[in-house]
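Asks: Predicted model and sequence below, questions to follow.
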Amino acid sequence: MSGYEAVLAGLEAELGWIRDTYIDLHRHPELSLEEHGTSKLVEGKLAAFGYAVTRIGGTGVVGILANGDGPTVLARADTDALPVVEATGLPYASAVDGVMHACGHDLHAAALLGAAKLMGDGRRAWSGTYIVLFQPGEEIGAGAQAMVDDGLVAKVPPPDVAFAQHVMPFPAGRIATTAGPVLSAADSLKITVYGKGAHGSMPHMSVDPVVLASSIVLRLQSVVSRETKPGDFAVVTVGALNAGATSNIIPDQATLLLNIRTYDAQVRASVLAAIERIVKGECYAAGSPQDPDFEYYDQFPLTSNDAAVTEKVRAAFSAHFGADSVRKATPQTASEDFSRIPDSFRVPYTFWFLGGVDPETYSAAVERGTVAQDIAANHSPLFAPVIDPALSIGVQTHVVAALSYLSTEGATP
């Protein structure tokens, strides 16, 4: 019996409690950095599985299973929910008003707990160290950094490689991965521009920040269309423009909220520099009495998969699940903070996607041409991964990825 088979042999017997754990987590979601109940649940299970357990970064939990000589592998799951009112109608829908696991972090956590149990039970089949990390606060881009700031690198054995996964709205049973950028870097930016207030009937007495902000919005459209090289990826979105409160008063300031997405550090730096240059230039042209303010927040790093690690894990997935089940991932414009964890250890990583939609439902939507309308995306109040087989696949991917690095020689039945 191979190492994979030996460790995964007990999966079917464990799926009952893994499903129950997923349902429990889905029913009791907790917002970012408030995952207290989730952390207690994870701590209790990991301790029962024989892991050395420690809290890091407030509600972050790490379990360590040292099992002889060999590589050290770190697997991460995120645990926080979103401020979304659930509309799935599921019998295990959220019992917390206005909070929902609308991004699949409950599935991520349950799957990693399942993998932790199997790796513990199957330790005769492998050697090395297996680290499971349950990270809070991913949705606000703060949880990974909180764990790093709380001494993650000093408190945890340095891994040789790190893994993470995310459930997505494509057919369950499929896995998608790619080398290089797989999730974009993201920057949110609040810009405040200043004018001179006046009565609405006396615009000549003002420096109108509404006109100024409007000019900025239009000029920012040229950052991607005229300053970014064709073929390079960048998104600049102005999500909000706020100024004034009544029709006959010209206010003295306006605020703009921007979201920027990029796949390349140089492109990111160029885009941010162009935004600041344009804003300052428009303020000067308008005669603004004060320099604009720039406040960056909710910043997410680029997730860029190591080529060698990705190929090794992809090959292991293909061997275990079949080549038809493993697809090349299209880089997503969504963002993650996972990479801050392997980056803090300076180790390579790979991040892959899991399908979470019933295959027949997805196929029917494809035939109708209604995928965008009928298949709920992450963060939707209708987002509901199908438990089977998505949860089982999520457990298996973690085990297979880990055992592609941990020694499986001498495996016993």
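Replies: Okay, I see it.

Asks: tell me the secondary structure for the nearest residue to F300 once chain neighbours are set aside?
Replies: Leaving aside its sequence neighbours, F300 sits nearest to S335 (Cβ to Cβ, 6 or more residues apart in numbering; 3.7 Å). Every C-beta, even on glycine, is put in place using the N, C-alpha and C of the backbone. Going by DSSP: H, G, I helix; E, B strand; the rest coil, the secondary structure assigned to S335 is coil.

Asks: Please report the distance of the nearest residue to G287 once chain neighbours are set aside from V132.
Replies: Closest residue in space to G287, ignoring its immediate chain neighbours: V207 at 5.3 Å, by Cβ to Cβ, 6+ apart. Look at V207 and V132: by Cβ to Cβ, to the nearest Å, they are 57 Å apart.

Asks: Start and end of stretch 130-148, how far apart?
Replies: The distance separating the two terminal residues of stretch 130-148, taken as Cα to Cα, to the nearest Å, comes to 19 Å.

Asks: give me the number of residues near the residue nearest to F300?
Replies: Neighbour count of S335, defined by other Cβ atoms under 10 Å: 22.

Asks: Can you tell me the SS state at T330?
Replies: When the structure is reduced to helix, strand and coil (three-state DSSP), T330 reads as coil.

Asks: ok, it - contacts?
Replies: For T330, the residues meeting the contact criterion (Cβ atoms under 8 Å, 6 or more residues apart in numbering) are A176, T178.

Asks: I'd say A115 and V132 touch.
Replies: Yes: the criterion here is Cβ atoms under 8 Å, and A115 meets it with V132 at 7.4 Å.

Asks: hey, what's in contact with both of the two?
Replies: Overlap between the contact sets of A115 and V132, as judged by Cβ under 8 Å, 6+ apart, is given by A75.

Asks: Verify the contact between the residue nearest to F300 and D187 for me.
Replies: No: contact criterion Cβ under 8 Å: S335 and D187 do not qualify, at 9.3 Å.

Asks: if I look at the two, which residues touch both of them?
Replies: Jointly contacting S335 and D187 under the rule Cβ under 8 Å, 6+ apart are F300.

Asks: and V223, what helix or strand is that in?
Replies: Taking DSSP states H and E as the criterion, the element that holds V223 is helix 209-227.

Asks: Does anything pack onto that helix? Which helices or strands?
Replies: For helix 209-227, the elements it packs on are strand 185-194, strand 234-243, strand 253-262, helix 265-286, judged by 3 or more Cβ pairs under 8 Å, 6 or more residues apart in numbering; DSSP states H and E.

Asks: Make a markdown table out of those and add mean pLDDT, distance to G200 and mean neighbour count.
Replies: Supplementary listing: the helices and strands packed on helix 209-227 in a markdown table, determined by pLDDT from 0 to 100; distance: least, Cβ to Cβ, whole Å; neighbours: other Cβ atoms under 10 Å:
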| stretch | mean pLDDT | distance to G200 | mean neighbour count |
| --- | --- | --- | --- |
| strand 185-194 | 97 | 18 | 20 |
| strand 234-243 | 98 | 13 | 16 |
| strand 253-262 | 98 | 15 | 21 |
| helix 265-286 | 97 | 18 | 17 |
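
Asks: Could you dump the ones you listed into TSV and include distance to A323?
Replies: Written out in TSV, the entries for the helices and strands packed on helix 209-227 read as follows (distance: least, Cβ to Cβ, whole Å):
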stretch	distance to A323
strand 185-194	31
strand 234-243	33
strand 253-262	32
helix 265-286	33
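
Asks: which stretches of this structure have low pLDDT?
Replies: Counting by pLDDT under 70, the low-confidence segments of the chain come to 1-2, 409-413.

Asks: Buried residues in the one helix or strand Q396 maps to, which are they?
Replies: Per DSSP H and E: Q396 is located in helix 387-403. Within helix 387-403, the residues scored as buried using 16 or more other Cβ atoms under 10 Å are 387, 389-403.

Asks: Can you show me the CA trace of that helix as CSV?
Replies: Output of helix 387-403 as CSV, limited to C-alpha atoms (Å, rounded to 0.1, in the frame of the first residue of the first chain):
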residue,chain,number,x,y,z
ILE,A,387,-20.8,19.3,0.7
ASP,A,388,-20.2,16.2,-1.3
PRO,A,389,-17.8,15.7,-3.0
ALA,A,390,-16.3,19.2,-2.4
LEU,A,391,-15.4,18.5,1.3
SER,A,392,-13.9,15.1,0.6
ILE,A,393,-11.8,16.5,-2.3
GLY,A,394,-10.7,19.3,0.0
VAL,A,395,-9.4,16.8,2.5
GLN,A,396,-7.7,14.7,-0.1
THR,A,397,-5.9,17.7,-1.8
HIS,A,398,-4.3,18.6,1.5
VAL,A,399,-3.1,15.1,2.2
VAL,A,400,-1.9,14.5,-1.4
ALA,A,401,0.0,17.9,-1.4
ALA,A,402,1.6,17.2,1.9
LEU,A,403,2.7,13.7,1.0
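
Asks: Which elements pack onto it?
Replies: Using 3+ Cβ pairs under 8 Å, 6+ apart as the contact criterion, the secondary-structure elements in contact with helix 387-403 are helix 3-8, helix 11-27, strand 72-78, helix 105-121, strand 161-171, helix 307-321, strand 349-357.

Asks: P342 is nearest to which of the helices and strands packed on helix 209-227?
Replies: Distances from P342 to each of the helices and strands packed on helix 209-227 were compared using Cβ to Cβ; the minimum, 15.4 Å, belongs to strand 185-194.

Asks: Which neighbouring elements make contact with the following helix or strand past that closest one?
Replies: Next along the chain after strand 185-194, taking DSSP H and E as the criterion, comes strand 198-199. The criterion is 3+ Cβ pairs under 8 Å, 6+ apart, and the helices and strands that strand 198-199 contacts are strand 249-250.

Asks: Mind listing residues that contact the strand it packs on?
Replies: Residues beyond strand 249-250 that count as contacts (Cβ under 8 Å, 6+ apart) turn out to be G195, G197, A198, H199, G200, P203, S206, D208, P209, V210, G244.
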